[in-house]
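>>> Need a 3D model of the following:
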Amino acid sequence: MRLARFAAATTLLFGLVPKPATGWEPVPAAANVRRTQAEIETLIDRLGDDDFFVREKAQSELAALGVAAFDALGEALERRRDVEILERVRYLLREIKIDWVVKGEPDEVERLMQNYEGADDGTRLAVIEQLGAGVDVRVLPALCRIVRFERSPALAKRAAVRIIEQRPAADDDWNLRAETLRRGIGDSPRAPAAWIRAHLVAHDDPAAGAKALGELIEAEMTVFRHTPQRSRADVLIGLWRRQADLLKHLNRRPEAVVAMMNIVALDAGGVEALTEVLRWLVDNQAWAEVDDLAGRFAAKFEADPLLTYELAGARRAQRRTEDETRLVAAALAMNAGDQKTHILTGMELHKRGLIDYSEGEYRHAIGLAPPGQSLTLTAQFMLAESLHDRRRDLEAGKVLEEAADAMDRADRKREDLSEVGRSPATVRARSHYLSALGYAHDGKPGQPKKHLLAGLGQDQYH
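Numbers count the residues shown, from 1 in each chain. The predicted model follows:
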């Protein structure tokens with residue numbers, strides 16, 4: 001049979017015989033052709049026909065359909081097993097031109113989508129993340145185009161999860177958002193489009209949405225296990241997180257806990273997953289599950305300072321003060337002598353809202369090297385601003401005063417402090433300013449003015 005195909009192709013290519021009388025003429029690519037879904041499926045079937053000319057005619061007609069055939073071709077790529085059909089489907093999907101840029105969309109969206117067609121997967125993922133980072137309804141059409149027409153199933157799914165993860169403000173026009181999403185995904189049969197439909201259902205009927213989403217997640221778990229290249233761990237984590245939120249809203253707390261624990265199982269105890277699940281459990285006071293998580297992944301918690309601090313925060317919430325103190329001490333003991341790592345740990349803790357733990361890291365870092373060194377000064381600057389944020393301005397001023405003194409001593413020794421990016425006068429001026437704020441908070445008359453004037457004498461511009 002395959003020899004017959006080869007012979008037909010050879011004779012056509014070399015002009016040895018005329019075209020068979022099949023009544024077939026190639027359909028121009030620009031032709032405005034409309035087909036039903038059933039007709040498109042039939043054309044895809046014919047891509048594997050024994051007759052070369054039937055295969056060519058079907059391919060030509062599918063190419064003429066362009067975007068209209070995209071969904072069916074994508075489904076064929078998922079479900080078909082015939083090698084020839086798959087090769088032709090891949091070719092057609094590569095050849096279909098998608099209009100990624102649409103006039104009238106925000107300038108930032110146009111800029112991001114401008115080079116999407118020729119971008120690699122890493123760049124495309126970065127675009128998806130940027131589009132999904134906000135809650136502006138005007139970015140949804142672009143994300144929906146990615147859900148519908150992105151050739152990589154994994155990236156299309158990531159775009160859908162970014163849509164589902166968005167949390168618009170209470171005064172957001174939900175009807176506008178829902179209509180934009182419905183119009184954007186159309187009747188696409190792709191899995192990520194179905195997730196968005198379940199998300200829309202859940203807004204009006206959380207129970208129905210949770211049921212639909214649960215079934216879709218189970219199907220995606222199967223995809224992830226058998227063809228992991230067609231899915232992503234972070235996609236499933238996002239879906240489980242949304243399911244847990246729905247179940248919690250429905251007061252089905254045990255099921256919500258199970259959903260969150262699935263995230264840990266999926267990511268095999270990854271640091272990011274453990275952090276997220278632990279925080280969710282603490283927020284929901286699921287103390288038995290917190291203990292279970294800490295026990296099952298004890299080695300992970302003991303090896304990572306940020307995870308250790310997260311667990312310390314959980315013990316604080318449980319009012320287990322001794323355990324919290326022990327964990328904080330263990331975290332500080334990690335990366336012994338590595339001043340830079342302790343500063344970075346402090347910065348990350350501050351970003352996560354674990355402010356008092358970050359203060360401990362900064363103070364620890366300050367003590368790891370002599371005064372006046374660049375990293376020591378950096379730790380002092382970070383600590384001072386952290387204290388200022390919490391209106392502990394007298395302490396902040398004192399920290400900067402010590403830093404300025406150390407810089408003066410280094411300056412007299414002609415040590416290079418250029419990488420610090422600040423002069424001793426600038427640091428001292430900031431110290432006086434923060435001290436003035438502190439004395440003003442404490443109601444000390446005369447002191448604020450004194451320090452402000454002293455600060456101006458050091459640096460009038462900072």
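>>> Excluding sequence neighbours, find me the nearest residue to residue 35.
Leaving aside its chain neighbours, residue 35 sits nearest to residue 65 (6.1 Å; criterion: CB to CB, 6 or more residues apart in numbering). (Each C-beta comes from the backbone N, C-alpha and C, glycine too.)
>>> burial of the one you found, as a residue count?
Neighbours of residue 65 under the rule other CB atoms under 10 Å: 23.
>>> From residue 117, how far out is it?
Residue 65 sits 19 Å away from residue 117, taking CB to CB, to the nearest Å as the criterion.
>>> How about residue 41?
According to CB to CB, residue 41 and residue 117 sit 27 Å apart.
>>> Now for residue 402: which residues touch it?
371, 380 (CB atoms under 8 Å, 6 or more residues apart in numbering).
>>> that older thread, tell me which element the residue nearest to residue 35 is part of?
Element membership for residue 65, per DSSP states H and E: helix 52-65.
>>> Contact partners for residue 263?
If a contact means CB under 8 Å, 6+ apart, then residue 263 has 236-237, 240-241, 273, 276-277 as its contacts.
>>> Just the pLDDT for it.
We have a pLDDT of 88 for residue 263.
>>> Likewise for residue 9?
At residue 9, pLDDT is 40.
>>> Can you tell me the SS state at the residue nearest to residue 55 when sequence neighbours are not counted?
In space, and not counting its chain neighbours, residue 55 is closest to residue 49: 5.2 Å by CB to CB, 6+ apart. Recorded secondary structure, residue 49: coil (DSSP: H, G, I helix; E, B strand; the rest coil).
>>> contacts for stretch 131-143?
100, 102, 105-106, 109, 112-113, 128, 146, 159, 162-163, 165-169, 172-173, 176-177, 180-181, 183-184.
>>> Recalculate using a threshold of 7 Å.
If you take CB atoms under 7 Å, 6 or more residues apart in numbering as the criterion, stretch 131-143 is touched by 102, 105-106, 109, 112-113, 159, 162-163, 165-168, 176-177, 180-181, 184.
>>> Could you tell me how far stretch 244-251 lies from the centre of the chain?
Centre-to-centre, stretch 244-251 and its host chain are 22 Å apart (CA atoms, centre = their mean, to the nearest Å).
>>> mind saving the C-alpha coords of that stretch as CSV?
Listed next in CSV are the C-alpha coordinates belonging to stretch 244-251 (Å, rounded to 0.1, in the frame of the first residue of the first chain):
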residue,chain,number,x,y,z
ALA,A,244,-9.1,24.5,46.7
ASP,A,245,-10.5,28.1,46.7
LEU,A,246,-13.8,26.9,45.3
LEU,A,247,-14.1,24.1,47.8
LYS,A,248,-13.2,26.4,50.7
HIS,A,249,-15.9,28.8,49.5
LEU,A,250,-18.4,25.9,49.6
ASN,A,251,-17.4,25.1,53.2
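>>> Pull out the buried residues from that stretch.
Residues of stretch 244-251 classed as buried under the neighbour-count rule (16 or more other CB atoms under 10 Å) are 244-248.
>>> Quick one: mean pLDDT for that stretch?
Stretch 244-251 comes out at a mean pLDDT of 94.
>>> same thing with stretch 426-433?
The average of the pLDDT scores along stretch 426-433 is 91.
>>> Tell me which residues are up against whichever helix or strand comes after the helix holding residue 65.
The element immediately downstream of helix 52-65 (helix or strand, assigned by DSSP H and E) is helix 70-79. The set of residues external to helix 70-79 that reach it, using CB under 7 Å, 6+ apart, is 37, 40-41, 44, 85-86, 89-90, 92-93, 96, 149, 188-190.
>>> Could you list the buried residues of helix 70-79?
Under the neighbour-count criterion of 16+ other CB under 10 Å, helix 70-79 has 70-77 buried.
>>> now those residues as JSON lines including distance to residue 385?
Output for these, formatted as JSON lines (distance: CB to CB, whole Å):
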{"residue": "70", "distance to residue 385": "52"}
{"residue": "71", "distance to residue 385": "53"}
{"residue": "72", "distance to residue 385": "57"}
{"residue": "73", "distance to residue 385": "55"}
{"residue": "74", "distance to residue 385": "51"}
{"residue": "75", "distance to residue 385": "55"}
{"residue": "76", "distance to residue 385": "58"}
{"residue": "77", "distance to residue 385": "53"}
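>>> Which one of the residues you listed is nearest to residue 316?
residue 74 (49.4 Å; CB to CB).
>>> So which of the contacts of helix 70-79 are in helices?
Counted as lying in helices by DSSP state H, out of these, are 37, 40-41, 44, 85-86, 89-90, 92-93, 149.
>>> Tell me the buried residues within these.
40, 44, 85, 89, 92-93, 149.
>>> need the residues you listed in CSV with distance to residue 214 and pLDDT, can you?
What follows is these, written out as CSV (distance: CB to CB, whole Å; pLDDT from 0 to 100):
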residue, distance to residue 214, pLDDT
40, 31, 85
44, 31, 88
85, 33, 87
89, 31, 82
92, 34, 83
93, 31, 80
149, 27, 91
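>>> which of those residues lies closest to residue 59?
Residue 59 lies nearest to residue 92 out of these, by CB to CB, at 6.8 Å.
>>> Check whether that closest one really touches residue 61, as I assumed.
No. Contact criterion CB atoms under 7 Å: residue 92 and residue 61 do not qualify, at 10.5 Å.
>>> For the stretch 251-400 of the chain, just list every one of the strands.
With DSSP state E, counting those that start in this stretch as the criterion, the stretch 251-400 of the chain has no strands.
>>> burial measure for residue 420, as a count.
Other residues lying near residue 420 total 21 when counted by other CB under 10 Å.
>>> Report the separation between it and residue 407.
From residue 420 to residue 407 the distance is 7 Å (CB to CB).
>>> what do those two both touch?
Contacts common to residue 420 and residue 407, judged by CB under 7 Å, 6+ apart, are residue 377.
>>> Do I have it right that residue 431 meets residue 396?
No. Between residue 431 and residue 396 there is no contact under CB under 7 Å: 8.1 Å.
>>> Just put the buried ones among the ones in helices among the contacts of helix 70-79 in a markdown table and tack on distance to residue 209.
Listed next are these as a markdown table, based on distance: CB to CB, whole Å:
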| residue | distance to residue 209 |
| --- | --- |
| 40 | 30 |
| 44 | 33 |
| 85 | 36 |
| 89 | 33 |
| 92 | 35 |
| 93 | 31 |
| 149 | 25 |
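>>> Most widely separated two among those?
85 and 149 (20.5 Å).
>>> Quick check: which element contains residue 146?
Using DSSP H and E, residue 146 sits in helix 140-149.
>>> The very next helix or strand once past that helix to helix 140-149, inter-axis angle?
Per DSSP H and E, the first helix or strand lying C-terminal to helix 140-149 is helix 153-165. Using axes from the mean of the first three to the mean of the last three CA atoms, to 10 degrees, the inter-axis angle of helix 153-165 relative to helix 140-149 is 150 degrees.
>>> circling back to that earlier point, let's see which of the contacts of stretch 131-143 end up in helices.
Using DSSP H, these in helices are 109, 112-113, 159, 162-163, 165, 176-177, 180-181, 184.
>>> Out of the residues you listed, which comes closest to residue 304?
Checking the ones in helices among the contacts of stretch 131-143 against residue 304 by CB to CB gives residue 165 as the nearest, at 24.7 Å.
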